[in-house]
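Undergrad: just a sequence and a predicted model for now, questions to come.
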Number of protein chains: 2
Amino acid sequence: MDMRFDLAQNGAAPAALRPRPIDACTICLVRDAAICADLCDADRAALSRIGRRVSVKAGQTVMWEGDDSSIVANVIEGTLKLSTSTGGGREQIVGVVYPSDFIGRPFGARTPHSVTALTDARLCLFPRGSFDGFATGHGALQHRLLQRTLDELDRTRAWMLLLGRKSAREKVATFLIDIGRRLRGDRDGVIALPLSRQQIADVLGLTIETVSRQMTDMKRQGLIDLVGRRGVRLVDEAALERLAEIS
Amino acid sequence: MDMRFDLAQNGAAPAALRPRPIDACTICLVRDAAICADLCDADRAALSRIGRRVSVKAGQTVMWEGDDSSIVANVIEGTLKLSTSTGGGREQIVGVVYPSDFIGRPFGARTPHSVTALTDARLCLFPRGSFDGFATGHGALQHRLLQRTLDELDRTRAWMLLLGRKSAREKVATFLIDIGRRLRGDRDGVIALPLSRQQIADVLGLTIETVSRQMTDMKRQGLIDLVGRRGVRLVDEAALERLAEIS
DNA sequence: CGATAAGTTGATAACGTTCAAGGCCAGTGG
DNA sequence: CCACTGGCCTTGAACGTTATCAACTTATCG
């Protein structure tokens, strides 16, 4: 799918050309959870006309750290990572986003971190300028965006405690508890991790070897089960929580 | 100064009792930089009537992690730290705020981190409920709050890279560069640190000994000068920037 | 000027990284 | 259906950075 942004698509077409527009929002999977949830139908339709639906493949980078902030988007489907890196190439994942989350930097000139799809994903993409303009005129949208940003800031600050003060074991335990809360497992309780070992390391500020060692250790102790490369079952969640030192 | 919050103070007094109210905002040091900057005089006066000016002493904690979110505030004067800690008492400073910054958790039930004055400080304090109500009706205020929160989130995520991926030396160098940008030094170029060594350690996710060693090492190399306990001069800022690995 | 908290310095040990090799799984082609 | 391939993950050994523990020094304030 073409990722380039075509401004021409966003001008309002002459009314005659869209007598009964099929509104993408009516069938949207996240319409009640995303930031557009509180808009009335008319406003939602207007916002929808500003943006377009886009698919991205796993591994594809949607925005680059330091680039001009030219697009923002709602995540409709899939998981993506937000990351920054040092000049030397060391990477830190600063966030993982799920369906209904919002990505990009509205009201700002620069994208402060890269956004990369971890799985195949679908986005509802807006040119930043148009989005900013729309949001400025719609308090409900801005309020939802504010709520979401405040929540994200809280979660990010909690993660700083992990990065600065927790041991490798505590970090991995916290990660497993956290992922367990977001992604319910299948009927066997097996959670499909959206992250590779390297990516888990990049979330926790560790090396891949340390993550691997901690996880096999926890398996040996009967705290978790590892099934295949991407599966985990939290066997003793209470013990993990104790390990995680969650305040 | 009494920190307890007295709701009675916030009810509007009978009009007869305030014929020409002396508006605290007209002499406010941060009125053009805080979130209330874009309000018209009438709205600003209305907001002012909701809140009150409060002084706090260095060391005093204004809000506690996990408490009900009952107040929010603008910082008028002074420096404060935001911090979280593990059950075991390990602390991580998740933010440092300066005059015109906003503190507290609007639109949320819990305070996610403690707020403690590092220096004597003055705040413009609002009961959270009243503030939320006012903000909901005033798009300009909410927009400013959103801008500020987005900026803070960007800064916080940049700090995650430091916590997760930088060495002790890089951390200290980054800290010095960062503080140098916020606090201009005196005519000798000496910056008065608002943080003790322990607090610097708590910002960087290090121990006090490591911070001390890195700083005396940098002094030995002629990168910085240490004057007294709270003074630093950045002698070779370019070298520090190179050390900091700022992307 | 003396008391005391804050900071520095040193020795030692632990934790996590680094480097290196080997194993395992998923996808591909025979 | 099996062998082959390549990437991902695991395991091991050695090293290095930072934490820990303890003693000492210095700045600051009454």
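TA: Received the coordinates, thanks.
Undergrad: going forward, measure contacts between C-alpha atoms and count neighbours the same way
TA: OK.
Undergrad: is DNA strand C contacted by the longest helix that chain A contains?
TA: Assignment by DSSP state H gives helix A:139-165 as the longest helix of chain A. No: figure legend: helix A:139-165 not in contact with DNA strand C (C-alpha under 7 Å from any atom of the strand); closest approach 9.3 Å.
Undergrad: elements contacting that helix?
TA: Of the remaining helices and strands, those touching helix A:139-165 by 3 or more C-alpha pairs under 8 Å, 6 or more residues apart in numbering or on different chains; DSSP states H and E are helix A:128-137, strand B:80-85, strand B:91-97, helix B:139-165.
Undergrad: which positions in the last one come out as buried?
TA: Within helix B:139-165, the residues that qualify as buried by neighbour count (16 or more other C-alpha atoms under 10 Å in any protein chain shown) are B:139-154, B:156-165.
Undergrad: those helices in chain A, which residues are they?
TA: Going by DSSP H, chain A shows helices at A:41-50, A:128-137, A:139-165, A:168-182, A:197-204, A:208-220, A:237-244.
Undergrad: how does chain A divide into domains?
TA: Split into domains by automatic domain parsing, chain A comes to A:7-162, A:167-244.
Undergrad: worst mean pLDDT among these?
TA: Note on those: lowest mean pLDDT is at domain A:7-162, with a mean of 90.
Undergrad: got the residues of chain A near DNA strand D?
TA: Proximity of chain A to DNA strand D, by C-alpha under 7 Å from any atom of the strand, involves residues A:196-198, A:208-213, A:215-216, A:226, A:229-230.
Undergrad: give the bridge partners for the residue positioned nearest the centre of chain A, please.
TA: Centroid-nearest residue in chain A: A:V97, 1.1 Å away (criterion: C-alpha atoms, centre = their mean). Beta-bridge partners for A:V97, by DSSP bridges, are A:L80.
Undergrad: what's the spacing between it and B:S130?
TA: 32 Å (C-alpha to C-alpha, to the nearest Å).
Undergrad: could you do A:E170 as well?
TA: Remark: distance between A:E170 and B:S130 (C-alpha to C-alpha) = 40 Å.
Undergrad: please apply the same query to A:L146.
TA: Counting by C-alpha to C-alpha - A:L146 and B:S130 are separated by 17 Å.
Undergrad: return the residues of chain A in contact with chain B.
TA: By C-alpha under 8 Å from any C-alpha of the partner chain, the residues of chain A that approach chain B are A:84-88, A:90-92, A:94, A:105, A:107, A:112, A:136, A:139, A:142-143, A:145-147, A:149-150, A:152-154, A:156-158, A:160-161, A:163-165, A:204-206, A:245-247.
Undergrad: thinking again about what came up before, of the residues of chain A next to DNA strand D, which pair is most distant in space?
TA: Distance extremes for the residues of chain A next to DNA strand D: the farthest pair is A:T210 and A:R230 at 16.9 Å, using C-alpha to C-alpha.
Undergrad: Serialize the helices and strands packed on helix A:139-165 to JSON lines and add fields for distance to A:D23.
TA: Below are the helices and strands packed on helix A:139-165 laid out as JSON lines (distance: least, C-alpha to C-alpha, whole Å):
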{"stretch": "helix A:128-137", "distance to A:D23": "18"}
{"stretch": "strand B:80-85", "distance to A:D23": "45"}
{"stretch": "strand B:91-97", "distance to A:D23": "43"}
{"stretch": "helix B:139-165", "distance to A:D23": "28"}
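Undergrad: nearest to A:D188, of those?
TA: helix B:139-165 (33.5 Å).
Undergrad: mind checking which of the residues of chain A next to DNA strand D are buried?
TA: Buried, going by 16+ other C-alpha under 10 Å: A:R197, A:I208, A:V211, A:S212, A:M215, A:L226, out of the residues of chain A next to DNA strand D.
Undergrad: what's around A:I103, how many residues?
TA: 20 (other C-alpha atoms under 10 Å in any protein chain shown).
Undergrad: contacts only, for it.
TA: A:V72, A:A73, A:N74, A:V75, A:V97, A:V115 (C-alpha atoms under 8 Å, 6 or more residues apart in numbering or on different chains).
Undergrad: also A:T119?
TA: So A:T119 contacts A:K57, A:A58, A:G59, A:G78, A:T79, A:L80, A:P194 (C-alpha under 8 Å, 6+ apart).
Undergrad: skipping adjacent residues, who's closest to it in space?
TA: A:A58 (4.2 Å; C-alpha to C-alpha, 6 or more residues apart in numbering or on different chains).
Undergrad: now do A:V203
TA: A:I93 (4.8 Å).
Undergrad: show me what contacts that neighbour?
TA: A:I93 neighbours (C-alpha under 8 Å, 6+ apart): A:K81, A:L82, A:S83, A:T84, A:Q199, A:D202, A:V203.
Undergrad: distance of it relative to DNA strand D?
TA: 15 Å (C-alpha to the nearest atom of the strand, to the nearest Å).
Undergrad: A:D225 too?
TA: The gap separating A:D225 from DNA strand D is 10 Å, by C-alpha to the nearest atom of the strand.
Undergrad: what about that residue, how many residues nearby?
TA: By other C-alpha under 10 Å, 20 other residues sit near A:D225.
Undergrad: in this structure it contacts A:V235, no?
TA: Yes: using C-alpha atoms under 8 Å, A:D225 is in contact with A:V235, at 6.7 Å.
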